[in-house]
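Asker: how would this look folded up:
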Amino acid sequence: MRVTKSLVLLAALSLCIIAAAPAGSPERPAAPRLENLLVQQLNGKFTPGREVIVTYVEIPPNTTLERHWHPGEEFHYYLEGEAEITIEGQEPFVGKPGTVGHIPFRKLHTAASGEQGAKVIVFRVHETGKPVRYLEGGSEER
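Answerer: Sure, this is the predicted structure:
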């Protein structure tokens, strides 16, 4: 009898703990904030089918972006914080305030920020009309 009461009490306590736990999957990391500062079609006589996109990007602290690639050349100017940039087939580099980075055309890459996050100006020469980025699995984001 005493064992049965203990088991019932243990089961009830377990249900209370489960009910108090947050529902669903673990919380997703915060998404980066993006603000396009300029989207400008380039002269077709100079470089047909290309546009320039300049974007202000804030990567939250301790965030790793999904691996992705862009249909264009990408250049970074780091304003604040730090981000480790990993490009497929290359050694990672750390973008720090005042430094510039480059992502080659259609190269799979990611960025991981530290405790302060990162603020970056991204300058991209991009194929006109293409999505902004393609995730590693092939999905696109406009």
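
Asker: Could you pull up the contacting residues of the residue nearest the centre of the chain?
Answerer: In the chain, the centroid-proximal residue (C-alpha atoms, centre = their mean) is L65; its distance is 2.6 Å. Neighbouring residues of L65 by C-beta atoms under 8 Å, 6 or more residues apart in numbering: 32, 59, 110-112. Every C-beta, even on glycine, is put in place using the N, C-alpha and C of the backbone.

Asker: Pick out whichever of those residues sits closest to W69.
Answerer: Of all these, the one sitting nearest W69 is T110; the distance, using C-beta to C-beta, is 10.2 Å.

Asker: So what's the residue count around the closest one?
Answerer: 17 (other C-beta atoms under 10 Å).

Asker: Check it and give its pLDDT.
Answerer: Turning to T110, the model gives it a pLDDT of 96.

Asker: go on, the one 5 residues further on?
Answerer: Model confidence at E115, expressed as pLDDT, equals 95.

Asker: That one looks like it's in a helix, true?
Answerer: No - the assignment for E115, made by DSSP: H, G, I helix; E, B strand; the rest coil, is strand rather than a helix.

Asker: Tell me, how many residues neighbour it?
Answerer: When neighbours are counted by other C-beta under 10 Å, E115 registers 8.

Asker: Verify the stated contact: it with N62.
Answerer: Yes - assessed by C-beta atoms under 8 Å, E115 is found in contact with N62 at 6.4 Å.

Asker: which is the next helix or strand following the helix or strand bottoming out on mean pLDDT in the chain?
Answerer: The weakest-scoring helix or strand in the chain, judged by mean pLDDT, DSSP states H and E, is helix 2-20 (a mean of 37). Sequence order places strand 33-41 as the next helix or strand after helix 2-20, per DSSP states H and E.
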